[in-house]
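S.K.: sequence? don't have it. structure:
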């Protein structure tokens, strides 16, 4: 059961334009979300996160939007650069039973972003 | 962003020997550390979760006697692959979670360790 879904396996964008990466989730217990970028044979690089008490978080060229009612989040990269070409994963966290901390990350399948010069 | 290091980055060992992989959070203290394994063209598979000073919690199907995890401090966790076999060859990645602010969690990953068992 894939609780975090990235339905687009790949995305191709022209340099300078906006890249929009989408992620949907089914588990209503998820209340914290993170985006990662990953190159082959490397560990994921943390990009940005958002708590469910917010609907937007921005950090430089990266903005994450969260629509709780739709159980949907998206990562916007503006402007896109060729160096952004990588696999992007969204991940979700749900509180532990005691509600005092979080359990393990649940990852989506990833979206391959290619930014063309 | 915070840095997580792993050592070694690449190791080759003979079948039947044990290999230890270190994971360090360099500029922060991690509330929790995680060990992942990545198979070719697949997403990361969580092996275990560990908190400093307590026993690791292993995911279903992961042999705790084979993959020994020691979380000695808030900045160091080790994974020992005991009696390694060729099927243990994989890319092992550690991750460290930190409470970065009020309700703000961040989780950083190490660069990974490539293990090849011959």
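M.R.: Happy to help now that I have it. Keep in mind the model is a prediction, meaning the values are calculated, not measured.

S.K.: Downstream of the lengthiest strand in chain B, the next helix or strand is which one?
M.R.: Counting residues, the longest strand in chain B under DSSP state E turns out to be strand B:90-101. Once strand B:90-101 ends, the next helix or strand along the chain (criterion: DSSP states H and E) is strand B:104-109.

S.K.: what about the next helix or strand after that next one, distance to the chain center?
M.R.: Following strand B:104-109 in sequence order, the next helix or strand is strand B:113-117 (DSSP H and E). In terms of C-alpha atoms, centre = their mean, to the nearest Å, the centre of strand B:113-117 is found 13 Å from the chain centre.

S.K.: and the angle from strand B:113-117 to strand B:90-101?
M.R.: Here strand B:113-117 runs at an angle of 160 degrees relative to strand B:90-101 (axes from the mean of the first three to the mean of the last three C-alpha atoms, to 10 degrees).

S.K.: Near chain B, which residues of chain A? Just list them.
M.R.: A:32, A:34, A:36, A:41-46, A:49, A:51, A:53, A:89, A:91, A:93, A:101-105, A:107, A:109-110 (C-beta under 8 Å from any C-beta of the partner chain). Yep, even glycine has a C-beta here, placed from its N, CA and C like the rest.

S.K.: from the residues you listed, which ones fall inside helices?
M.R.: Taking DSSP state H as the definition of helices, the residues of chain A next to chain B contribute nothing to them.

S.K.: which of these are buried?
M.R.: Neighbour counting over those (16 or more other C-beta atoms under 10 Å in any protein chain shown) leaves A:32, A:34, A:36, A:43-44, A:46, A:49, A:89, A:91, A:93, A:102, A:104-105, A:107, A:109-110 as the buried ones.

S.K.: Okay then, goodbye and thanks.
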